[in-house]
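*Asks:* Quick one, structure for this:
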Amino acid sequence: MSRTPPPLRADFPAFLPMQTRWNDNDEYGHLNNATYLELFDTAITYWQMENGIEVRGPDAWRFVVVENGCIYFREVGFPDKLEAGLRITRMGSSSYRIEVALFRDGEDEAASLGFFVNVLTGNDARPRPMPDDLRGRLARIAVG
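*Replies:* This is a model prediction of the structure:
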């Protein structure tokens, strides 16, 4: 089995700064694995907010995470300054896969690559097709 190589900065159309915190480190002095998912989720949420995708309140889009994961390439931890690169690699009628890579400040190769598969649902929790406006906003960072 061959290992996935770390993606490069050039592979991502959008970036957000992310700062590690003292309590993010685990007993071994590097970022706790659960913290990676928190950073990915925070980066996705900030990007959505910056691009007019409502995430809270009565007009919020209801996305349900149906799958997620992470590949680790090198250790990071406090006090590293990170940048989260975001890209959408697949879009269906009601779902999309978004990938988030964490880069240490100034490095071209990702330290980790996470992903979420989100499904748009209605109040009844059933999948529903994405409206064109929402699809267009997500397409801003679509690759491939």
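*Asks:* need the contact list for the closest residue to N118 other than its chain neighbours.
*Replies:* Take N118 and drop its neighbours on the chain: the residue closest to it by C-beta to C-beta, 6 or more residues apart in numbering is F63, 4.1 Å away. Yep, even glycine has a C-beta here, placed from its N, CA and C like the rest. Counting by C-beta atoms under 8 Å, 6 or more residues apart in numbering, F63 touches 118-121.
*Asks:* Out of those residues, flag the one nearest to G52.
*Replies:* L120 (15.6 Å; C-beta to C-beta).
*Asks:* For the residue nearest the centre of the chain, list the residues it contacts.
*Replies:* Nearest to the geometric centre of the chain sits V100, at 3.7 Å (C-alpha atoms, centre = their mean). The contact partners of V100, taken as C-beta under 8 Å, 6+ apart, are 39-40, 43-44, 84-86, 113-116.
*Asks:* How far away from the center of its chain is the longest helix anywhere in the chain?
*Replies:* The residue-count maximum for a helix in the chain (DSSP state H) belongs to helix 33-50. Offset of helix 33-50 from its chain centre (C-alpha atoms, centre = their mean, to the nearest Å): 6 Å.
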